[in-house]
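> give the three-dimensional model of this entry:
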Amino acid sequence: MVGLRWVCVAACVLALSGSGCERPASQRAQSGLGASPEKLEFGLSAVGVTKTMKVRLSNRGRAPFTVHGATASLPNVEVLPFDAFELKAGGERELEVRFTPDVEGSVQGMLDVLTDADNVGQEGVARLGVDGRGVKAWVELNTSALDFGNVEMGNVELRELVVRNPSQVQSPVRVDMDGADADEFGSSEAGKPFMLAPGEERRVPLSFTPDRLGSAQAIARVAVCPTCEPTVVQLTGTGIAAQLEVTPLRVDFGRVSPGATAEERITVRNLGTEPMTYGGVKLLDNVSGAFRVVSAPSLAGNVLAAGAVIELRVAFSPTASGPVRAARLEVDVRPQGTTKPGPKVALSGEGGASCVMLQPDPLDFGQVAEGMSATRDVHVVNRCRNDVLLSDVKLSTKKGGYFLLAQAPASMPIAAGQSASVPITFRPRAGIGAGEAELSVKVLDGRSTSTEVVKVLGTGKVFSPCQYKVTPATVDFGNVPVGSEVTLSAAVHNTGPTECYLAGMRLAEGSDASFAADKTSNTVLKPGQRALLLVRFKPSGEGEFSGLAEGWVNHPSNGHIQMPLRGQGVQGCFSVQPTNLNFGVARLTCGPKDRELVVYNKCPGTTTLAGMDLEGDAGDFKLTHGLRFPAVLGANSETRIKVTYDPQSDGDDAAALRFKLGTGSPYTVGLVGKGELKTDQTDDFVQQAEAKVDVLFVVDNSGSMMDEQQSLGQNFTAFLTHAAAAGVDYHISVTTTGIERSSGGWAMCPGGAEGGENGRFFPVDGSSPRIITPSTPSAEAVFARNTQVGVCHWNELGLEAMYRALSEPLVFNVDDTRTPLANDGNANFLRQDAKLAVIVITDEEDFSPQPVSFYETFLKGLKGGDVSKVIFSAIAGPKDLGSCPKASSSGNRYIQLAEATGGVVESICTPNWAASLEKLSESAFGPNRTFPLSEKPSDRSRIVVRVDGVQVTTGWTYDGVGNSVIFEANAAPAPGASVEITYPVGC
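Numbers count the residues shown, from 1 in each chain. Sure thing, here's the model as predicted:
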């Protein structure tokens, strides 16, 4: 028995190991292909730009298998070529897949991996989904040049470059430094591509750290792709003689809600080889009390050792909305044995709304049928630069109806630039009518906490039973390539004589997962109106798919709407991309929109296209092509078709474009768009009571301005006419267009600055009152002296002089510490509750370094964006110099800013200075008569103006040049009046 047993064992071993024997399949080690990710989602990608992803193939079994190849079903997706390879147990290998969209639109398909892995099946093909969408991408910059000024060697000076992505695609942005002195400039973002979401804005810090004396120049290149032409920003700075680094030297807290607190860190580093004396920190100029020191370390022996680093923390807590006067943080660090003052860090911030927005506000359900309910979302949008936490979500009913949070309140983190939804359900109470509630949420953004509130409204109503029709009876998607997506519509039409309440439509539970649809919200359909549910079909494999769309209307026995869905997933060498064309909103008055389709025949032989049909809203779409049916498409060919959307009426449109090959169900492309008959814009204003007005004159001090300066001073009484009549509390000051001191020559300028006021009020030596008020003795004579600024200069920088006069460090300081003159700052001129009027007098164009839009934004920002509180006017060279031969050039930049703020423009060749100054006086001191519109009207005859709710048909005109509604002098709205201007928006 023992011998027989060993004979049997040996036989078994030979049977398993010998070539003539094979282990039963149930006992063999199995191979298993794994893929990560299992679906390649390229997302939004720029047209013509290649986007790369890698898929990692792994052997999750115990036996080896071979990968023979990989192919994509899409012509614009390719797999980097590779030789067949074997994966042993536990082995891994990456494949590189590239997506290069040819046209705008969605692209979906499959990636087929050819393998003999046991878990793949007899076909030997493992399929991975591939999704992508081609869009156009670009970025915008806030400036084309940055000057860092004078910086001590070893110190760091920072500036910010604002990069905005206005496109629909998430764009990679790369900032690189180049140029002769690129080593002295830098950025924490340089050389490291970062992503910008659509509409996202990013502030890129740029630094200048000079390590040698003198001027330095470089450029920052901002590019969105390796093959794109980069945008160039010029960088300049000057290195002067230090061994202490303070970062940042400017702390801007941005906008912080009143009552909230924001904190920032400041790093101080001893870059030298010797220790420095450390005496702590001290706040300077903290008049508002909004800034405070949170923490500052104590150092042993009050010494900052060589190479040592300390961190300071400062906080900002505004008490009201609007700009807050800047403060400074003095860091008492200096070389031992010296009394040299330490560096000062500028602190700025603004009180205002949270960077988290709740929309819509209010949330209005409108009319909801009694006995039914409606659910809508409040969207929480995080526009902060960091993640936020949403907590303490509360819904309080004030009156009528039942308001419910559709899900239990919870803390919700929201990433920067992202949003979340808070669903709310309203069920009206019988016979109650209007209801009201309040949603409140607490927002913690890491630096501050604020509470945001949204009003919630809804009204219950009794509706007659709805009479309706559903089209089409069945939503048939036809043939759709596996992995591609097509969107078609299911419509509910109100065919009765009364209104219908539609509680919304959605995809029914149990539908195949290849169908998807976004739920529609409740709506009231008037007789003849319809509502659309857009259903997406994306087959996950070959074969038939089915689903059901459903909705609810107010009908006692037939209130549940049901619409069958069906579609066929196919694989083949014929395809059309994109399979969805969404034209968005098209105004009926703006002409049609065009998009392209590409028909791909990637078959080895010809394919016959029997025809193309449009179904649904076919009258709103038009095809343009050179095909004659039946059309023979060549092997490996492409054919482009132009699709034009020309809506014939107001509302949503949807159609199905069918490509018939004569071999079964047609291939389908979905077409959707929305026509708008008119889009009306309404701008709201409140007429201010101008009891206080601050007026800044910027007077050209170039050699050709002597006569004009005299005329201005001699006719100042005319300027004060409206101020005296209205009892206005005014501040009036003068500065010049000169920034640098005159180099001398045939004429000198008075006032102590030799023509280089650099934004300081004239005269900087205080030889005459620099701010004229109603209590100033002989105000007319003082103004006449102050306008005699001299004619010694040649470089007119009027807008830059205005900017410097009204910004730090001059605007809040009695003394400009940068100059030896005492009390030459501009403090006590600008008042937060006063209207601001700026008037430039010049015969030359402006040569300031920034674009006009920069100065416009600055002026409006001084008044919290209230356009009715700021006005810019000019007496300058007109556009037509033929009417003003003594003007050196047209003041086009001044005219542009005046038009943007609704100001007055008079010619420097005015024959009547008194009359011209009266116009400026009326503009500055009188009631606001100019109301700039936010958009261009498409039909000026349809502008409707209402004052305190009453339509006004006379006493105003529309100014097309300034895009403003201008009231006549005796028809201007009274102080405190509400002004509402409604107009159709142009294309």
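
> please pull out the lowest mean pLDDT helix or strand from the protein.
helix 2-17 (a mean of 35; mean pLDDT, DSSP states H and E).

> wait, residue 772 sits on residue 723?
No: here residue 772 lies out of contact with residue 723, judged by CB atoms under 8 Å, at a distance of 10.7 Å. Every C-beta, even on glycine, is put in place using the N, C-alpha and C of the backbone.

> which neighbours do those two share?
Counting by CB atoms under 8 Å, 6 or more residues apart in numbering, the contacts common to residue 772 and residue 723 are residue 730.

> who does the next helix or strand after the least confident helix or strand of the chain pair up with?
Per DSSP states H and E, the first helix or strand lying C-terminal to helix 2-17 is strand 33-36. Paired with strand 33-36 in the same sheet, following DSSP bridges, are strand 51-59 (antiparallel).

> pretty sure residue 757 is in a helix, no?
No: counting by DSSP: H, G, I helix; E, B strand; the rest coil, residue 757 is not part of a helix but coil.

> can you report phi and psi for residue 707?
phi -60, psi -40 (degrees, to the nearest 10).

> contacts only, for it.
Contacts of residue 707 (CB under 8 Å, 6+ apart): none.

> the residue nearest the centre of the chain: what secondary structure?
Compute the mean C-alpha point of the chain, and by CA atoms, centre = their mean the closest residue is residue 199, 3.4 Å away. The three-state label given to residue 199 by three-state DSSP is coil.

> and the pLDDT for it?
Note on residue 199: pLDDT of 78.

> now it, nearest residue through space, not along the chain?
residue 165 (6.6 Å; CB to CB, 6 or more residues apart in numbering).

> the helices in the stretch 751-900 of the chain, which residues?
Assigned by DSSP state H, counting those that start in this stretch, the stretch 751-900 of the chain shows helices spanning 779-786, 798-805, 852-862, 892-901.

> could those helices go into JSON lines alongside mean pLDDT?
Converted to JSON lines, the helices of the stretch 751-900 of the chain look like this (pLDDT from 0 to 100):
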{"stretch": "helix 779-786", "mean pLDDT": "87"}
{"stretch": "helix 798-805", "mean pLDDT": "94"}
{"stretch": "helix 852-862", "mean pLDDT": "85"}
{"stretch": "helix 892-901", "mean pLDDT": "90"}
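
> out of those, deepest packed?
Greatest average neighbour count among the helices of the stretch 751-900 of the chain goes to helix 798-805 (a mean of 24), per mean count of other CB atoms under 10 Å.

> other SSEs contacting that one?
Contacts defined by 3 or more CB pairs under 8 Å, 6 or more residues apart in numbering; DSSP states H and E place helix 798-805 against strand 692-699, strand 729-736, strand 835-841, helix 852-862, helix 892-901.

> tell me what angle it forms with strand 729-736.
120 degrees (axes from the mean of the first three to the mean of the last three CA atoms, to 10 degrees).

> what would helix 798-805 look like as PDB? C-alpha coordinates only.
Written as PDB, here are the backbone C-alpha positions of helix 798-805 (Å, rounded to 0.1, in the frame of the first residue of the first chain):
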ATOM      1  CA  GLY A 798      -3.000 114.400 -15.200                       C
ATOM      2  CA  LEU A 799      -4.700 111.100 -14.300                       C
ATOM      3  CA  GLU A 800      -1.700 109.800 -12.500                       C
ATOM      4  CA  ALA A 801      -1.500 113.100 -10.500                       C
ATOM      5  CA  MET A 802      -5.200 112.800  -9.600                       C
ATOM      6  CA  TYR A 803      -4.500 109.200  -8.500                       C
ATOM      7  CA  ARG A 804      -1.600 110.100  -6.300                       C
ATOM      8  CA  ALA A 805      -3.500 113.100  -4.800                       C
END
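
> mind listing residues that contact that helix?
696, 698, 700, 733, 735-739, 757-761, 810-811, 826, 838, 840, 842, 846, 848-850, 852, 855, 858, 893-894, 897.

> weed out the non-buried ones from those residues.
Buried subset of the contacts of helix 798-805 (neighbour count, 16 or more other CB atoms under 10 Å): 696, 698, 700, 733, 735-739, 757-761, 810-811, 826, 838, 840, 842, 846, 848, 850, 852, 855, 858, 893-894, 897.

> mind listing what the residue nearest to residue 199 touches?
137-140, 171, 173, 196-201.

> okay if I get those as CSV plus distance to residue 289?
Shown next, in CSV, are the contacts of residue 165 (distance: CB to CB, whole Å):
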residue, distance to residue 289
137, 46
138, 44
139, 40
140, 37
171, 42
173, 39
196, 37
197, 37
198, 40
199, 36
200, 34
201, 31
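
> so how far is residue 724 from residue 809?
Applying CB to CB, to the nearest Å, the value for residue 809 to residue 724 is 34 Å.

> comparing the two, which residue is more hemmed in?
residue 809 (18 against 13; other CB atoms under 10 Å).

> the more buried one touches residue 824, doesn't it?
No: between residue 809 and residue 824 there is no contact, the gap being 11.2 Å when judged by CB under 8 Å.

> returning to that earlier point: any idea how far the residue nearest to residue 199 is from residue 194?
Distance from residue 165 to residue 194, counting by CB to CB: 11 Å.

> what's the overlap in contacts for those two?
residue 173.

> tell me what the nearest residue to residue 244 once chain neighbours are set aside is bridged to.
Spatial nearest neighbour of residue 244, chain neighbours left out: residue 333 (5.8 Å); criterion: CB to CB, 6+ apart. Residue 333 forms beta bridges with residue 278, as assigned by DSSP bridges.

> what does residue 233 give?
Beta-bridge pairing for residue 233 (DSSP bridges): residue 220.

> over to the one 5 residues further on?
Beta-bridge partners for residue 238, by DSSP bridges, are residue 150, residue 215.

> so it makes contact with residue 210?
Yes: the pair residue 238 and residue 210 qualifies as a contact (CB under 8 Å) at a distance of 7.4 Å.

> how many neighbours does residue 269 have?
Neighbour tally, residue 269, other CB under 10 Å: 18.

> so who does residue 682 touch?
By CB under 8 Å, 6+ apart, the residues touching residue 682 are 980-982.

> just to revisit the earlier point, got a markdown table for the helices of the stretch 751-900 of the chain, with distance to residue 512 too?
Formatted as a markdown table, those follow (distance: least, CB to CB, whole Å):
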| stretch | distance to residue 512 |
| --- | --- |
| helix 779-786 | 81 |
| helix 798-805 | 63 |
| helix 852-862 | 52 |
| helix 892-901 | 56 |
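
> so which of the ones you listed is nearest residue 47?
helix 852-862 (28.9 Å; CB to CB).

> so what touches the closest one?
Outside helix 852-862, the residues that reach it (CB under 8 Å, 6+ apart) are 143, 323, 799, 802-803, 806-807, 830, 836, 838, 848, 866-867, 870, 872, 893, 896-897, 900-901.

> got the angle for that helix vs helix 892-901?
Using the same axes, to 10 degrees: helix 852-862 against helix 892-901 is 40 degrees.

> what angle do helix 852-862 and strand 835-841 make?
Going by the same axes, to 10 degrees, helix 852-862 makes 150 degrees with strand 835-841.

> quick revisit: give the contact list for the residue nearest to the centre of the chain.
164-166.

> using JSON lines, please lay out these together with distance to residue 377 and pLDDT.
Formatted as JSON lines, those follow (distance: CB to CB, whole Å; pLDDT from 0 to 100):
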{"residue": "164", "distance to residue 377": "27", "pLDDT": "87"}
{"residue": "165", "distance to residue 377": "25", "pLDDT": "84"}
{"residue": "166", "distance to residue 377": "26", "pLDDT": "80"}
